[in-house]
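Trainee: This is a predicted model, with the sequence first.
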Amino acid sequence: MTTRLIKNIGELTTNDPTLGAGATGRLFDAAMVIDDEVVLWVGPDAHAPAADEMIDAQNSAVIPGFVDSHTHLVFAGERSEEFEARMSGTAYDGGGILRTVNATRAASSDELRRATRSRFRELRAGGVTTVEIKSGYALDVDGESRLIDVANEFSDEVTFLGAHVVPREYANDRAGYVDLVRGPMLDLCAPRSKWADVFCDRGAFDVDESRAILSAARSAGLGLRVHGNQLGETGGVALAVEVDAASVDHCSFLSDDDIDRLAASATVATLLPGADFSTRANYSPAQRLSDGGALIALATDCNPGTSYVTSMAFVLAIAVRDMRMNFDDALWSATRGGALALRRDDVGHLGIGARADVVILDAPRAVHLAYRPGSSLVRQVIGTP
């Protein structure tokens, strides 16, 4: 197996406190050795061992690959007119999801595959090396299965989201749709999924409906995730902690009790500032979560209605500027935090034995990702595509 020495790293963020300063494990004038799979050595550039090949970082910053732990990449169509309406004052209520369902049902598998590949490549070019992908835009048995198949072509972190909203054909039979999701739909999709998710919020599923679906998914061997508290304090956070979900995502409205629950659990609060930006909503209370001791991840929430975002650098810029996160905390949340939201120990950091997912920036310091919003600062991405 070929070994590669990455030399002349001006600033190396490892997220391994045993290797460098602080929680980011930061080193200066550093080097690292990787092979095709894992990190083998990290240390001062002057002490770098020999390797089969050499990459010159040219005194630039190097960071772990971003871990985007919440996306809806598989869909057809677009909803730009909704964005225009929201910018004119129309409130977001989740209703537009059904428009994407109609477009996605009408698209061929090849059309879905091409569209997903395009968005996946944009994420990759921006430094994302691990991505979670949800279904949720078909809302019938065969359609959700088809979306799961497409998602599996791009990621091992595939999430079954049959419980996105109730489709129109079940508008007068919510209980029937819940039974469909936790029965035949789950039976078909679970073998090719790692996770199950539920949108537990106003206009989607209530706590009891969500609990029933999540319980069935856990019995089917899936890990659990929750969309929660995006539109109000609707019980999603408490439910996520109750069922030991790996993450509860959005968290725009949080009580002090919600934060205490998260801090006392392994459930990660995954914040999605792109959605708050696009819906002109209040940003999630990142500082309250951090001060309360909760684990935080940042993700793009790439979707056609509320966060058509494929740039983790943009997410970082919003988190720092508008959510008032310290940059190092934001970078940790977009890498190591995302890994924890997927319950992964092998990604999101560059410690010895970690997966060799490395991003070389065209900037001397990682903070340039937030300092220069809108710039393309990723020079090279190394790691599993």
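Mentor: Arrived safely, thanks for sending.
Trainee: ok, which stretches of the stretch 251-385 of the chain are strands?
Mentor: Assigned strands in the stretch 251-385 of the chain, in chain order: 268-271, 296-298, 358-361, 378-382 (criterion: DSSP state E, counting those that start in this stretch).
Trainee: Just put these in JSON lines and tack on mean neighbour count and mean pLDDT.
Mentor: Bear in mind the C-beta positions are built from the backbone N, C-alpha and C, glycine included. Compiled in JSON lines, the strands of the stretch 251-385 of the chain are given as follows (neighbours: other Cβ atoms under 10 Å; pLDDT from 0 to 100):
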{"stretch": "strand 268-271", "mean neighbour count": "31", "mean pLDDT": "98"}
{"stretch": "strand 296-298", "mean neighbour count": "29", "mean pLDDT": "98"}
{"stretch": "strand 358-361", "mean neighbour count": "24", "mean pLDDT": "98"}
{"stretch": "strand 378-382", "mean neighbour count": "18", "mean pLDDT": "98"}
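Trainee: Can you spell out which helices and strands pack onto the strand or helix carrying Thr116?
Mentor: Secondary-structure element containing Thr116, defined by DSSP states H and E: helix 109-125. Using 3 or more Cβ pairs under 8 Å, 6 or more residues apart in numbering; DSSP states H and E as the contact criterion, the secondary-structure elements in contact with helix 109-125 are strand 128-134, helix 141-152, strand 378-382.
Trainee: which of the residues in it are buried?
Mentor: When neighbours are counted by 16 or more other Cβ atoms under 10 Å, the buried residues of helix 109-125 are found to be 112-113, 115-116, 119-120, 122-124.
Trainee: ok, now stretch 229-246?
Mentor: By neighbour count, and taking 16+ other Cβ under 10 Å as the criterion, the buried residues in stretch 229-246 are 229-231, 234-243, 245-246.
Trainee: related to what we said a few turns ago, now, the most widely separated pair of the buried residues of helix 109-125?
Mentor: Farthest-apart pair in these is Leu112 and Arg124; separation 18.2 Å (Cβ to Cβ).
Trainee: burial of Gly293, as a residue count?
Mentor: Neighbours of Gly293 under the rule other Cβ atoms under 10 Å: 11.
Trainee: let me fix that: Pro285
Mentor: The local packing count at Pro285 equals 20, with neighbours defined by other Cβ under 10 Å.
Trainee: Show me where the stretch 151-300 of the chain has its helices.
Mentor: Counting by DSSP state H, counting those that start in this stretch, the stretch 151-300 of the chain forms helices over residues 174-180, 186-189, 207-219, 236-242, 256-263, 273-279, 286-291, given from the N-terminal end onward.
Trainee: With respect to His70, which of these lies nearest?
Mentor: Closest to His70 of the helices of the stretch 151-300 of the chain is helix 273-279 (Cβ to Cβ; 9.5 Å).
Trainee: Does anything pack onto that closest one? Which helices or strands?
Mentor: Contact here means 3+ Cβ pairs under 8 Å, 6+ apart; on that basis helix 273-279 packs against helix 80-87, helix 312-321.
Trainee: ok, and which of those has the densest surroundings?
Mentor: helix 312-321 (a mean of 23; mean count of other Cβ atoms under 10 Å).
Trainee: can I have that helix written out in PDB, keeping just the CAs?
Mentor: Coordinates of the C-alpha atoms in helix 312-321 are reproduced here as PDB (Å, rounded to 0.1, in the frame of the first residue of the first chain):
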ATOM      1  CA  MET A 312     -19.900  23.500   4.500                       C
ATOM      2  CA  ALA A 313     -17.800  26.600   4.400                       C
ATOM      3  CA  PHE A 314     -21.000  28.700   4.000                       C
ATOM      4  CA  VAL A 315     -22.500  26.800   7.000                       C
ATOM      5  CA  LEU A 316     -19.400  27.700   9.000                       C
ATOM      6  CA  ALA A 317     -19.600  31.300   8.000                       C
ATOM      7  CA  ILE A 318     -23.200  31.600   9.200                       C
ATOM      8  CA  ALA A 319     -22.500  29.700  12.400                       C
ATOM      9  CA  VAL A 320     -19.700  32.100  13.200                       C
ATOM     10  CA  ARG A 321     -21.200  35.300  12.100                       C
END
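Trainee: Right, I'll call it a day here.
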